[in-house]
Every structure is written in structure tokens, then in C-alpha cells.
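Colleague: dropping the sequence and predicted coords here.
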Amino acid sequence: MTLRLDRADIQGNVLLPYGRNTFPIGHLLLFHCDRTALQEQVGAGPRQWLARLLPHVTSGELFASKRTDASLPKPPQLTLNVAFTCSGLAVFGVPASTISQLPPEFQEGMRARSALLNDDTQLWDPVWKEDGEGASIDLLIQLRVNFARALDQIYERQCREGDRDATNPGKAAYHKPFIFEKARRLALRRLERRSQNLIDSAARHGLRVLRGHGPSGEGEAANRYWQVMESIPRTRSEDGVLGGDGDPRHVRYAEYEHFGFFDGIADPVFEGQYPPELQAEKVIGQGRLQRGAWQPLPAGEFLLGYPDQAQEMPALPVPAAFSRNGTFLVVRKLHQDVAAFERATAAQLPAFQAWLGPPAAVRAGSTAPAPATPAAPARGPDHADAREQARLLLRAKLVGRWDDGTPLTVAPTYSDWQAFRREHQTLRERSDAGDLGAKEALQHLLQRLRDVRYEPDDSAGSRCPFTAHIRRSNPRDSGDPSLSDQPTDEERQRASSLLANRRRLLRRAMSYGPRWCPVPEAADPIAACRDDGQERGTLFMALCSGLFRQFEFMQQQWLNYGSDFGAGNDVCPISGVADRVDPATGSKLIINADAASHRPPFVLRPAAAVQCRGGAYFFVPSLTALRLIAQGMVDPI
């Protein structure tokens, strides 16, 4: 029997993420409630404000898109979602007896558990430190603006005003950068107006917005009222479209993060998340692997009030209506030092090329010393020279995927990757032309991108290193505890994802800050990797039903301690918190060669390029629970 979730009762961005093409820009606002003003009537002011906000809270109901039923409602101009810290629930009048039944890690908060997470709170932005009286975070509001609507409106305006593309007089210059930028400014203005209105109305009800979304001492950044989140714009030529014209006018928002990797892949699929007709397709590679077949994860792994992977109903606060359809939100601001990441790659690239072998072998898949000259591929990775090919492979080994998201298990070599890309483009073009056979073949090809398995073909880690980022954050079948000490290939073929199933997270990350660009015409690749001093990174947001079992376990045991991967204290090369010591003795990544090559492994020294700048734990109530809180009717009896 298919589980049907009450989408209208679940807040938006929980069941499915807001699309980064439709909603690529957002604001995150944090509020504190003035306790002194509420001594006589606890929670009355904030609750009145929440009651007025309720009609504007976005639910998890589906929006219309190019791939869905046109009868569905159109995406709104702005989305709005609400979450509370433990102290915020108390301020809004939730009884102490109900709060005391929430998980202890939520009650303590992320800052109190920073040692467990390997965080240095001295590096946190002022707003997250919660230093001093009146600085505690009580409430989070996340706003996202509909950029697609703004782009359509600017396009229509340009048509009316007669601004045409010189190469095509009958059509407006839809993708020219100036139209894109006009739409972006329009979207930002709408977002800023809504944010300011929220701040003003909250102030009239005893809630004050918290400032400090930037490093201390940076003036305007340190006093900012909200954290701006924005996907990274890219051109067609930057995406390396095979056979493309490289036209820089084709600008779009893309799901890439600041290190340059396609992001948001392989989010878990659970029961009731997708309509039944889509679930069978979506679950491949993203659900739980049971004896070689993919099944959706239980809804209780991500939503409160449902059975989890252990077929248990975890103890939850009463009344049940307060907990059901709610979830917990992890927010972490992760600064990315892109220049340091690129310097570390450039510095170790000559040794990696020597380890790989001759350039011809690199293209064929084996590998080689090549002169360390600056690479300048004119039209994407398919035209890269030997050095650039080795650089892209080295990056892929760190993450477990190539820049465009293709997993190393599917394309372990550069030539395999390019062959996969060419096949994908050919099938897409034929599919778009109406070829039904090509359309079916394309679906199978795309399934290979998601159906990532490590057993038995990569049990030695020669394709995807054991401690590459995607393997550490989701070991899939490589962590099956049922495997014997010396499993046969047949046993490995039946490996399941038992270990990983209880550690999955729904990721809802957004980027922040401007893109990093290398120094043009630098003397050498390392000199080109200069830090520009700009603040940029990822606002990591994840949803789960068990903060300790899911997020904290992954952060502590898998990303910051590599025992499960045979890596000792070596941290994840992307998200791990490495000790800032001599790189020669610091954390490392072992890249295994194919056993047939009889080569020793290559030892890579990743840069400590990610730094946590703050974070907190939040409870995301259902729409029903929000109404109970707003009315002061959360009755634990």
C-alpha cells in the first residue's frame, strides 16, 4: 500500500526542494524575542504575529512545472517557511512538559555540542554565537523568491519596448546577461521588501531581528540583517556543453557550489515523497538497497509521527498533532576557501600526473608526467589538454564525482567521462526530436548516474577512493555489515545499504557569496589561485527526524573520523574539519591504483578549505502545529 502524506500540512522545502532554477535566491532571517516585554503575558505578542503569518507559510503541495500537470497551482512569487529553536518554542508558549520530551541534542543546541562536531565557535559569525543578553536565536524564517517569474516579466517588458536580438529580429534577447541581471535585481528588490516588512511587523510584536551575518570586524557584513542565499549563475560555455557554440549570453542559475561541482545529487527518496507514478523511477539509487533492489526509505527517517527504518515509532512530544508531520532542521554556514582548495590541487598536480603515467595513458584511463603549463580549454572539458585532464581527474577523486556530477563508478577515467557525456548529448538530441527508442535509452543512462554501487566492481576503491566525499557521506552498499571478512563476488553482489539507511539526510543547501575567479594571466597555476578576501560558501541545511542518529553521527564519525573507511583520523577531504597543522603531517586521501597496474597508491594532501561559521538546530512544525502554537493550544495532557 502506497503511503499518502498530507502535503498541505507539511511545510514547503521538506518533501521536495524548491527548484534552484525557479527559486534560486533567498534570505535567511533570525529573530530574538524580548523576554522583558513579555513577562506579563508570555508568548502573546509573538503568537499574534505568527497567527498573521500563517496564511503566508508555504506548504509542501506540488507546483506546476514543465514536467507536471498544468492543472497544479503555479509557483508563488515568494515562499515563506518558519522554524523554532528550543528557546523559541518556550517563548511562543509551548509548555515545558512538551519541550522536555524533545531530543536532548535539540534542547542543548548546536553551539553547546560544538566539541562533538569539531567546531571552533570562536570562528563563528556574531549572529550565531548568541553572545550576551538578548542574543539568543528563537526563530528562523526562510524566504525564497521566484526568479523564473521575474525573468518572464523582464522578457515581456523588453518585447513591449522593442529591444530585439540583432541576430534574430523577431525575438527578444531572452538570455542576454543584461536581461538576466535585470530580472535578478527585480527578484532581489521583491525579496528585500518582504524581508523588511517581516522585520517591521515582528518588531511590533516583541521580536527583534538579529544582525551579524558576516565575520566580525567586516563592517556592513557583520551588521547585516539577513543572510543572502543565491545559486551560482553560469554560462553555457562554463557548463562545457559538448558541441555547443560557447555563447556566453546563455546565462542561467545552476546547481553548482563554489568549488565547481554539480550539487544536490542523490537526495534520499522516502515513502510518500513523490506521486506513485514517479516513485519507481526516483527511488533508483536514492532509496534503500535491499538484496539488489531499490526501495523507498521509510517516511519516519525524515518526518515525525511515522515508522522509521527500524519499524519503530520513536517517542515524541505530546500532543501528537504537535509532532506529526514536523521535522528537525540543521543549519550550518560553511565558508569555502576556494583559493586554498585550488592552490592545493595545483601544487600536487605535477606529482599526480607523474603517478598517472604518459598523457596518452591518461586519456585511455591508465595515466603521466606532463609540463605544468596553465590550461586554457576553449570550449569545455572535452577540449582539455593533458594537464587539464589530470586536474579534473584529481578533483573527481576528492569528491567521487566529476565536475558535472557523473560518478567515478560510472566513468572512472577521463575518456570514459567524455564518452558518457557524448552518449548523453546524442540521446537527448534524438529524444527531443521524437525518437522513442532514444528517450527510453536516455532514461536508462540517467539511472546510471543515480544507481551508484561500490560492490563488487569498486570494492578496492580504485575508481572512487574509500574516503572521497560522496563515499564518506553515503557509503551505500560498501558499508554493508553483513559482508563476511572475505566475501565472494556473489556475496558482494547482494550487498545492501543497511549501515547507511539510518544516517541519511534531506539536503537543502544554498550557496552564498560571489564566485571566485583565478587571477587572469598569472605566471603559473599556483599564482593564479589568490584569495580575493570575499566571503563565500554554502549554507548547509539538512532535514531529518533524528539529529544525533543522522546528522551528528555522520558529521562526527564519517566526515571527521575515518575509522569506518579504514582511514583512521583522516577527515573527509571536502567537509571534514582538519587540524590546521603542517600539511605534510595533516589529513590525507589515499588514491588507489587499479590492481592490474601494480602501482602504489597516491597520497593526496587536501586543503583545510571549509570552515564552519555558525549554525543551530531548529524544529520545523507542521501547519497544524503552527496553528496550535499561534493559538496557544499546545496541550500536553
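Modeller: Yes, it's here.

Colleague: for Arg613, give me the backbone phi and psi.
Modeller: When quoted as degrees, to the nearest 10, the phi and psi of Arg613 stand at phi -110, psi 10.

Colleague: ok, for it, nearest residue in space, not its chain neighbours?
Modeller: Closest residue to Arg613 in three dimensions, ignoring its sequence neighbours and counting by Cβ to Cβ, 6 or more residues apart in numbering: Lys333, at 4.3 Å. All C-beta spots, glycine's among them, are computed from the backbone N, C-alpha and C.

Colleague: could you pull out the helices for the stretch 401-550 of the chain?
Modeller: Ranges of helices in the stretch 401-550 of the chain, per DSSP state H, counting those that start in this stretch, are 414-432, 436-450, 469-473, 489-493, 498-501.

Colleague: can you list the neighbours in contact with the fourth one?
Modeller: Contacting residues not belonging to helix 489-493 are listed as 292, 455-456, 459, 483-484 [Cβ atoms under 8 Å, 6 or more residues apart in numbering].

Colleague: where does the chain have low pLDDT?
Modeller: 1, 36-43, 66-70, 162-175, 217, 236-249, 359-384, 578-585, 637 (pLDDT under 70).

Colleague: hey, which helix is longest across it?
Modeller: When the chain is parsed with DSSP state H, its longest helix is helix 177-203.

Colleague: can you name every helix or strand that the helix or strand that comes right after that helix contacts?
Modeller: The helix or strand immediately downstream of helix 177-203 is strand 207-209, counting by DSSP states H and E. Contacts defined by 3 or more Cβ pairs under 8 Å, 6 or more residues apart in numbering; DSSP states H and E place strand 207-209 against strand 25-33, helix 44-53, helix 177-203.

Colleague: deepest of the ones you listed, which one?
Modeller: Neighbour counts (mean count of other Cβ atoms under 10 Å) averaged over each of those peak at strand 25-33, with a mean of 23.

Colleague: parallel or antiparallel, list what pairs with that one.
Modeller: Neighbouring strands of strand 25-33 in its sheet, by DSSP bridges, are strand 139-145 (antiparallel), strand 207-209 (antiparallel), strand 227-230 (antiparallel).

Colleague: can you add mean neighbour count and distance to Ser59 and give these back as CSV?
Modeller: Compiled in CSV, these are given as follows (neighbours: other Cβ atoms under 10 Å; distance: least, Cβ to Cβ, whole Å):
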stretch, mean neighbour count, distance to Ser59
strand 139-145, 25, 14
strand 207-209, 20, 23
strand 227-230, 22, 21
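
Colleague: any chance of those in a markdown table, plus distance to His469?
Modeller: Shown next, in a markdown table, are the strands paired with strand 25-33 (distance: least, Cβ to Cβ, whole Å):
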| stretch | distance to His469 |
| --- | --- |
| strand 139-145 | 25 |
| strand 207-209 | 35 |
| strand 227-230 | 21 |
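
Colleague: of all those, which lies closest to Glu220?
Modeller: Nearest of those to Glu220, taken as Cβ to Cβ: strand 227-230 at 12.1 Å.

Colleague: neighbouring contacts of the closest one?
Modeller: 24-29, 213, 333, 510-512, 539.

Colleague: ok, stretch 393-406 next?
Modeller: By Cβ under 8 Å, 6+ apart, stretch 393-406 touches 239-240, 259-262, 265, 345, 348-349, 352, 356, 362, 381, 392, 407-408, 411, 413-414, 417, 420-421, 449, 464-465, 468-471, 573-574, 589, 591, 604, 606.

Colleague: alpha carbons of that stretch, as CSV, please.
Modeller: Extracted C-alpha coordinates of stretch 393-406, given in CSV (Å, rounded to 0.1, in the frame of the first residue of the first chain):
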residue,chain,number,x,y,z
LEU,A,393,40.5,13.7,-12.5
LEU,A,394,42.3,14.8,-9.3
ARG,A,395,39.3,16.9,-8.4
ALA,A,396,37.0,14.0,-9.2
LYS,A,397,39.0,11.7,-6.8
LEU,A,398,38.4,14.2,-4.0
VAL,A,399,34.7,14.2,-4.4
GLY,A,400,33.9,10.9,-6.0
ARG,A,401,32.2,12.6,-9.0
TRP,A,402,33.3,14.6,-12.0
ASP,A,403,32.5,18.3,-12.1
ASP,A,404,29.2,17.7,-13.8
GLY,A,405,28.1,15.1,-11.3
THR,A,406,28.9,12.0,-13.2
